[in-house]
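Peer 1: Sharing a model prediction with you, sequence too.
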Amino acid sequence: MMNKNITAGLLTFFLSIISGCVSAADKGGGTTGVQFLKNTMSARALGMGGAYVGLADDIYAVNYNPAGLGQLKAPEVSAMYMSGFDDASLGNFSAAWQMPFLGFGQYAQPVLAVSAISSSAGDLVYKPESGDSQSWKTYDAQNDLAVTLSYGENFFVGDMDFEGYSAEVEQYLGANIKYIRSEIVEKYRASAFAADVGWLGRIPNLTDYSSLAFGLYAGNVGSGLKYVNERTDLPITLRAGPSWQVTFSGGNRLTLLAECDYYPDESLFEAAGGAELLFGNIINFRAGYRYNEDNPAMTVGIGVEYDDASIDFASSLGGDVYNPLEISFSYRFSGLGRTYEKKNNFKSSEESGPVAAPVGAPNNYKTKDDIKDFSKTKRVIEEKKEDSGKSDGSGENKFLFRY
């Protein structure tokens with residue numbers, strides 16, 4: 001009964017998030033430059049309406065919520081391409097990897113990532129009032145580039161109380177530093193630096209089969225761009241939203257997301273909501289809706305996962321202005337990541353003495369002292385592996401630890 005009540009409450013919560021953002025939408029206001037920074041940078045996210053700040057569990061966390069990078073368990077690379085309005089296009093390449101030390105919170109290895117986004121607004125044809133077509137000139141209307149260095153880590157793991165309900169909570173923090181360069185009609189150039197910050201809180205065991213997370217993001221806070229004598233601000237972006245995942249048997253999983261975005265310099269609210277349904281750990285079906293002033297539309301997407309590789313497609317349907325088509329590819333180098341799997345529970349300290357948890361282990365161990373001595377951890381685990389091989393087959397204390 002408790003699980004049913006939680007399920008009904010979460011569905012109501014998601015619907016209230018979306019309807020609240022839509023009702024708060026304020027059309028009008030100022031304008032900012034380099035609008036490509038507001039675009040959806042992941043086919044997976046686009047398929048779910050662009051709602052991703054409360055999930056951000058892959059390399060595209062760089063663009064939505066850098067705190068989510070702390071959830072990565074192995075190095076990962078990705079490439080994305082999007083066709084936009086008319087002949088406009090957008091491309092993105094990213095790479096992320098775990099650092100060989102504990103983060104500031106001393107709970108897990110931090111993740112470092114680099115990302116490059118290239119945007120083209122298409123061609124601009126100059127037609128003089130006098131002269132034939134041979135005198136026409138074609139220019140690149142606008143070319144933009146953003147290079148980002150990102151950092152994310154799991155900085156807290158522990159039990160917290162919520163109005164009498166106790167739950168294990170994971171907290172992640174992340175930040176970006178980005179360099180932005182813009183060129184208009186191959187003549188006017190400007191550059192700027194900007195910073196992003198993000199936070200993600202996650203309850204991995206909300207119930208026996210579900211998890212809940214909530215993300216916050218503030219981005220594109222920087223100096224602005226100055227073309228000759230004209231200055232334009234960056235599109236400062238504030239995001240907030242939850243995600244809820246329910247896991248079923250047979251490798252099936254349902255994910256629901258909602259998100260509110262606010263652009264203070266433009267006095268503009270946007271809302272998004274979406275769902276992802278994973279079948280057999282192979283194929284994902286996605287659908288969502290994005291409400292904004294310029295191009296509101298329903299979105300759909302599909303993704304295929306095989307071993308460490310995944311490919312995703314997404315598009316919007318029925319947009320008033322245009323329907324972007326997006327494709328992205330990711331590859332995870334799981335063989336290079338540190339992995340840990342505990343087959344059964346540890347013996348009690350009275351039976352086998354204290355055992356320190358390795359870096360990257362599940363959060364069964366919550367004190368910093370449990371994971372500080374990595375060399376001791378490795379030695380203890382290797383000894384336990386040898387002991388388990390000589391055991392009577394009971395299966396206690398079996399470990400897999402690769403790095």
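Peer 2: That came in fine, so what should we check first?

Peer 1: where do the strands sit along the stretch 51-200 of the chain?
Peer 2: With strands called from DSSP state E, counting those that start in this stretch, the stretch 51-200 of the chain shows them at 76-83, 89-98, 111-120, 123-126, 137-140, 142-162, 165-184, 188-203.

Peer 1: quick one: average confidence on whichever helix or strand comes after the last one?
Peer 2: In other words, strand 188-203. Moving toward the C-terminus from strand 188-203, the first helix or strand encountered (DSSP states H and E) is strand 210-222. On average, the pLDDT along strand 210-222 is 94.

Peer 1: Next: stretch 334-342.
Peer 2: Stretch 334-342 comes out at a mean pLDDT of 59.

Peer 1: what's the closest of the strands of the stretch 51-200 of the chain to residue 316?
Peer 2: Closest approach to residue 316 among those is made by strand 76-83 (10.9 Å; CB to CB). To be clear about C-beta, it is placed using only N, CA and C from the backbone, and glycine gets the same treatment.

Peer 1: Once you drop chain neighbours, what's closest to residue 193?
Peer 2: residue 222 (5.5 Å; CB to CB, 6 or more residues apart in numbering).

Peer 1: Neighbours of that neighbour, how many?
Peer 2: Number of residues near residue 222 (other CB atoms under 10 Å) recorded here: 18.

Peer 1: now for the strands of the stretch 51-200 of the chain, which one comes closest to residue 304?
Peer 2: The nearest among these, by CB to CB, is strand 76-83 at 14.7 Å.

Peer 1: Hmm, the residue nearest to residue 193 is touching residue 190, no?
Peer 2: No. The pair residue 222 / residue 190 is not scored as a contact, 11.9 Å apart, by CB atoms under 8 Å.

Peer 1: Please report how far residue 191 lies from residue 71.
Peer 2: 32 Å (CB to CB, to the nearest Å).

Peer 1: same question, residue 39
Peer 2: Residue 39 is 23 Å from residue 71, by CB to CB.

Peer 1: now swap in residue 110 and tell me
Peer 2: For residue 110 relative to residue 71 (CB to CB), the value is 12 Å.

Peer 1: now swap in residue 325 and tell me
Peer 2: Taking CB to CB, one finds residue 325 at 28 Å from residue 71.

Peer 1: again, but for residue 90
Peer 2: From residue 90 to residue 71 the distance is 25 Å (CB to CB).

Peer 1: Next: residue 173.
Peer 2: In terms of CB to CB, residue 173 sits 12 Å off from residue 71.

Peer 1: what is in contact with these two at once?
Peer 2: Counting by CB atoms under 8 Å, 6 or more residues apart in numbering, residue 173 and residue 71 have no common neighbour.

Peer 1: returning to what we had before: and residue 325 and residue 71? Which one has more around it.
Peer 2: Higher neighbour count among residue 325 and residue 71: residue 71, with 21 against 15, using other CB under 10 Å.

Peer 1: Tell me how many other residues surround the nearest residue to the more buried one once chain neighbours are set aside.
Peer 2: Residue nearest to residue 71 in three dimensions, not counting chain neighbours: residue 57, with 4.8 Å by CB to CB, 6+ apart. Per other CB under 10 Å, the neighbour tally for residue 57 reads 20.

Peer 1: Kindly provide the distance from residue 57 to residue 219.
Peer 2: 18 Å.

Peer 1: Over to residue 166?
Peer 2: Residue 166 is 33 Å from residue 219, by CB to CB.

Peer 1: and if you look at residue 174?
Peer 2: Distance from residue 174 to residue 219, by CB to CB: 11 Å.

Peer 1: And residue 94, by the same measure?
Peer 2: Residue 94 is 16 Å from residue 219, by CB to CB.

Peer 1: again with residue 309
Peer 2: Taking CB to CB, one finds residue 309 at 29 Å from residue 219.

Peer 1: Quickly, which of the strands of the stretch 51-200 of the chain bottoms out on average pLDDT?
Peer 2: Among the strands of the stretch 51-200 of the chain, strand 123-126 carries the lowest mean pLDDT (a mean of 70).

Peer 1: Pretty sure residue 303 sits against residue 46.
Peer 2: No. Assessed by CB under 8 Å, residue 303 is found out of contact with residue 46, at 11.0 Å.

Peer 1: more crowded one of the two?
Peer 2: Here residue 303 and residue 46 are compared on neighbour count by other CB under 10 Å; more neighbours surround residue 46, at 32 against 21.

Peer 1: For the more buried one, which three-state class applies?
Peer 2: What DSSP: H, G, I helix; E, B strand; the rest coil gives for residue 46 is helix.

Peer 1: now residue 36
Peer 2: Residue 36 is classified as helix under three-state DSSP.

Peer 1: Which residue ranges of the stretch 251-400 of the chain form helices?
Peer 2: Ranges of helices in the stretch 251-400 of the chain, per DSSP state H, counting those that start in this stretch, are 349-352, 374-389.

Peer 1: ranking the ones you listed by mean pLDDT, which is last?
Peer 2: Taking the mean pLDDT of those, helix 349-352 comes last: a mean of 39.

Peer 1: On the pLDDT front, check residue 84 for me.
Peer 2: Per the predicted model, pLDDT is 71 at residue 84.

Peer 1: thinking it is in contact with residue 316, fair?
Peer 2: No. The criterion here is CB under 8 Å, and residue 84 misses it with residue 316 at 10.8 Å.

Peer 1: Looking only at neighbour counts, state which of those two leads.
Peer 2: Using other CB under 10 Å, the more surrounded residue of residue 84 and residue 316 is residue 316, with 26 against 20.

Peer 1: residue contacts, the more buried one?
Peer 2: 46, 290, 295, 297-299, 323-324.

Peer 1: Most neighbours among those residues, which one?
Peer 2: In the contacts of residue 316, the most neighbours by other CB under 10 Å go to residue 46, 32 neighbours.

Peer 1: residues touching that residue, list them.
Peer 2: Applying CB under 8 Å, 6+ apart, the residues contacting residue 46 are 40, 299, 301, 314-316, 324, 326.

Peer 1: Please name the bridge partners of residue 180.
Peer 2: residue 146, residue 192 (DSSP bridges).

Peer 1: got any ranges where the stretch 251-400 of the chain has weak pLDDT?
Peer 2: 293, 319-322, 338-400 (pLDDT under 70).
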